[in-house]
Structures are given as C-alpha cells and as structure tokens.
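Visitor: Quick one, what's the 3D model for this:
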Amino acid sequence: MFSYAVIILCLCQITTAFTTIPINAVGTPSKDELKQYLYKLIDRKERSSMSNDMIIDTASRLSYIYPPKEPLSGWKETRHNPLNGKWELIYTTAPDATVELGKVFQEVDVKNGTFTNIIKFNSDMKRLKEIRVLIEGKPDEEVNNRMNLYFKRFTIFRKSRFSRKIRRISLPIPSFRILKAFSSSLMINSGIPMKNPYKTIMYVDEDMRIHKSSANKWYIQKKVSRNLPLPSMSEFHD
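Guide: Got it, this is the predicted structure:
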C-alpha cells in the first residue's frame, strides 16, 4: 500500500510541476511569462498528447487574458501594424501545414493587403527550392479580428535540369466558387466550402502571432523579420 501511495503522489507532483504556468504576485500570468512558457513547450523535441494540449491551453490563456485590440486596423493603408513582416510557423494543429523537408513562413504585407505562404525546402530536395501561395486578405465587416482569405496565385521555384538557374512556374488559383461549380458539374464531392476560408487573429504583438483557421486549427508563428524582402510580393501578380 505504501509503495503504491508513494508512486501516485510522485506522479501527481510531476504532473503538477509540468502543467504549472508561472504567475506574478497578483496571481495572473504576465504576457511575457505566458509567451516564454509557450515557447518552452513548443521547443520540446518530443511531444505527447498531454504537451500538445498544454500548448493549446497556454495559447488560449494568452489570447483570453491579452486579446488583440483592432488587430486589422490600417489594413491596406499603412505598414505600421504588428502583423506586417515575415513570420515562421513554429506550431500548428493542422497536419497538412507541416513540412519535414523544409520550413514554413508567411510574409504579411499590410500595405498591399496580402499574405504569402512560403515553403522553403532544404538541400534534400535537390531541384525543388520553394513554393509560394499568394493570398489576398479582406477584413471581415462583422468580426474585428477575422480576416477573409482569397487565394490568388501558386508559384513554384525549382532548379533547371540543364543549368543552375532557378525557374519559376506560376499559376492562378481559381476561386472557391469556380472549383465548387466544376466539381459539382462532374458530380464530385470535393469538400470545398461555398464560402472562402478565413483566419481569426487570437493574439499578436511584435514577435508572436496566434490565429485559428476556419477549420478550427491553431497556428503559432514567430516573427523573423519586420521588413519584407525586395522585390515586393506584387511581382506574383503577373
């Protein structure tokens, strides 16, 4: 009996220590404390279902205690918005958004009103270098932290087979209504929603961003640059 009681007590203490979020003297975690704790959880090399739940719980607390105030203000008017810049995806609950052979970034150009999803492949992908998806963002008229998304262009950068030059293959992306109509005409259940997807900004500051997709998936991103590289993303409009 004694040995079982000791084991249970130890397990409870380990669980408590693992799930405790640091708090200040008032009893409410500060913004920086929650962020650092979140980074620590994400940096774990091996994650269990419990640690994944803790990441979402911490992200939820951060967004609840410190919700963004008018995060989409100045959209297509100015670049003085914390969303502007280049972000690296460091955590997501969307399995199709992770890439084992590279890293995922997003460039947000507030002035031009665009998002560019970027997959940069590592050296294991000998010819395929990068994939970019250009997305137009339009703030929702009813929900002040929701951005409606309109996919515009898909671009692949790959090495030429016969030279070291990088070739660019760029294709426009049909609207969701066109894709839905096309699949319906062929009697195919595409699973494409009638409405365009959107993202809800749950938290944002100068170096961290948390949002949920219309599919209720979580995305946590860390800013790697406040300035966007030149040439501008507008080059993908051609």
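Visitor: For Asn52, which residues are in contact?
Guide: Thr93 (CB atoms under 8 Å, 6 or more residues apart in numbering). In short, each C-beta sits where N, CA and C put it, glycine included.
Visitor: Are we agreed that it is in a strand?
Guide: No: under DSSP: H, G, I helix; E, B strand; the rest coil, Asn52 falls outside any strand and is assigned helix.
Visitor: Check the gap between it and Gly27 for me.
Guide: According to CB to CB, to the nearest Å, Asn52 stands 26 Å off from Gly27.
Visitor: From Leu171, how far off is Ala215?
Guide: Taken as CB to CB, the span from Ala215 to Leu171 is 24 Å.
Visitor: Can you classify the most centrally placed residue in the chain as helix, strand or coil?
Guide: In the chain, the C-alpha nearest the mean C-alpha coordinate belongs to Tyr219, at 3.8 Å (CA atoms, centre = their mean). The local conformation at Tyr219, judged by three-state DSSP, is strand.
Visitor: That one pairs with what?
Guide: Tyr219 has these beta-bridge partners by DSSP bridges: Thr92, His211.
Visitor: which ones are touching it?
Guide: Going by CB under 8 Å, 6+ apart, the list of residues near Tyr219 reads Leu89, Tyr91, Thr92, Ala94, Ala97, Lys199, Ile210, His211, Lys212, Ser213.
Visitor: try 7 Å this time
Guide: Residues near Tyr219 by CB atoms under 7 Å, 6 or more residues apart in numbering: Leu89, Thr92, His211, Ser213.
Visitor: contacting residues for the third one?
Guide: Contacts for His211 were tallied using CB under 7 Å, 6+ apart; they are Lys199, Thr200, Ile201, Met202, Tyr219.
Visitor: By neighbours, which of the contacts of Tyr219 wins?
Guide: Within the contacts of Tyr219, neighbour counts (other CB atoms under 10 Å) peak at His211, which reaches 23 neighbours.
Visitor: So that residue versus Met50, what's the distance?
Guide: From His211 over to Met50 the distance is 24 Å, taken as CB to CB.
Visitor: What helix or strand is Ile55 located in?
Guide: Remark: Ile55 resides in helix 49-65, with elements defined by DSSP states H and E.
Visitor: Going by neighbour count, which residues in that helix are buried?
Guide: Asn52, Met54, Ile55, Thr58, Ala59, Arg61, Leu62, Ser63 (16 or more other CB atoms under 10 Å).
Visitor: quick one, domains of the protein?
Guide: 1-66, 75-237 (automatic domain parsing).
Visitor: Describe which strands the top strand by length along the chain pairs with in its sheet and in which direction.
Guide: Identified as the longest strand of the chain according to DSSP state E is strand 146-159. In the sheet, strand 146-159 lines up against strand 128-139 (antiparallel), strand 166-172 (antiparallel), strand 198-204 (antiparallel) (DSSP bridges).
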